[in-house]
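[1] my questions are about this predicted structure, shown below with the sequence.
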Amino acid sequence: MSPRTITFIALLSAGAIGSWHLTRSNSQIYDDELPHKPTHQGYYLKQARILGNADNGSLLYEIYAEHAEQLEDDQIEFTEVRIRYLPGSEVPWIIDADFAILQKNAPRIVLHGYVQIVNPNYPSEEETEIRTQYIELDPKNFIAETDQQVQIRFGSRSVTATGMLASLNDDKIELKSNIRGKIAP
């Protein structure tokens, strides 16, 4: 081999080794964790209407929200929320809240902010109203529960308590503790 061929092979080998080294060092940059979080690619809806089904597949309730947004942890956050049961369920209660969170594969909807549950068709023809700052609603089982302060108003009567369990399809409300009330004829 001539000295010129040996020099050419040496330069070609050095180039190949150099390019292999550069590509290997660049791939480590992409393997390392990025210093910033990539943009979340969730969805959002304005004036959303979401339907909930009973176990038999029939429509059971509706969630109306001014704004709904999917969060990074597969939760959906709603603002200015109204939940109402469809007429076929024969549950007249209507739930309003400032905010609600629905978690993936969780049966309960967490409502917070100003939460108001109203039964305008109470048998005594007096509207029944429940107010609290936090409540968990299991819409398929018609259960609303909180450990927070709650105020219940029916007609001119009012009761406050800490904690409540309400069965909306049976119109039963169980207060847990610190019960105080104003009941006048």
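    Cool, the structure landed. The model shown is predicted, which means the values in this text are computed figures rather than measured ones. Numbering: from 1, shown residues only.

[2] could you chop this protein up by domain?
    1-32, 44-182 (automatic domain parsing).

[3] rounded mean pLDDT for the last one, please.
    Confidence over domain 44-182, taken as the mean pLDDT, stands at 89.

[4] distance from it to the middle of the chain?
    13 Å (Cα atoms, centre = their mean, to the nearest Å).

[5] what about Glu129, distance to Pro92?
    Using Cβ to Cβ, to the nearest Å, we find Glu129 at a distance of 13 Å from Pro92. (Glycine included, C-beta is placed from N, CA and C.)

[6] which residues are common contacts for these two?
    Contact criterion Cβ atoms under 8 Å, 6 or more residues apart in numbering; residues shared by Glu129 and Pro92: Asn119.

[7] hmm, back to that, out of the domains of the chain, which is the most enclosed?
    domain 44-182 (a mean of 16; mean count of other Cβ atoms under 10 Å).

[8] that domain spans what distance, first to last residue?
    Using Cα to Cα, to the nearest Å, one end of domain 44-182 lies 44 Å from the other.

[9] ranges for the helices of this protein?
    With DSSP state H, the ranges of helices along the chain come out as 3-31.

[10] which residues in it form strands?
    44-53, 59-70, 75-85, 94-103, 109-119, 128-138, 143-154, 157-167, 172-182 (DSSP state E).

[11] looking at these, which is nearest to Ile9?
    Ile9 sits nearest to strand 59-70 of all the strands of the chain, at 58.9 Å, using Cβ to Cβ.

[12] so which residues make contact with the closest one?
    42-54, 76-86, 88-89, 100, 102, 109, 139-140.

[13] distance of Asn105 from Gln70?
    Taking Cβ to Cβ, one finds Asn105 at 14 Å from Gln70.

[14] oh, that last question was meant for Trp93, not what I typed.
    27 Å.

[15] equivalent analysis for Trp20, please.
    On the measure of Cβ to Cβ, Trp20 and Gln70 end up 43 Å apart.

[16] just give the closest residue to Leu86, not the sequence neighbours.
    Spatially, and ignoring its direct neighbours in sequence, Leu86 is nearest to Leu59 (5.4 Å; Cβ to Cβ, 6 or more residues apart in numbering).
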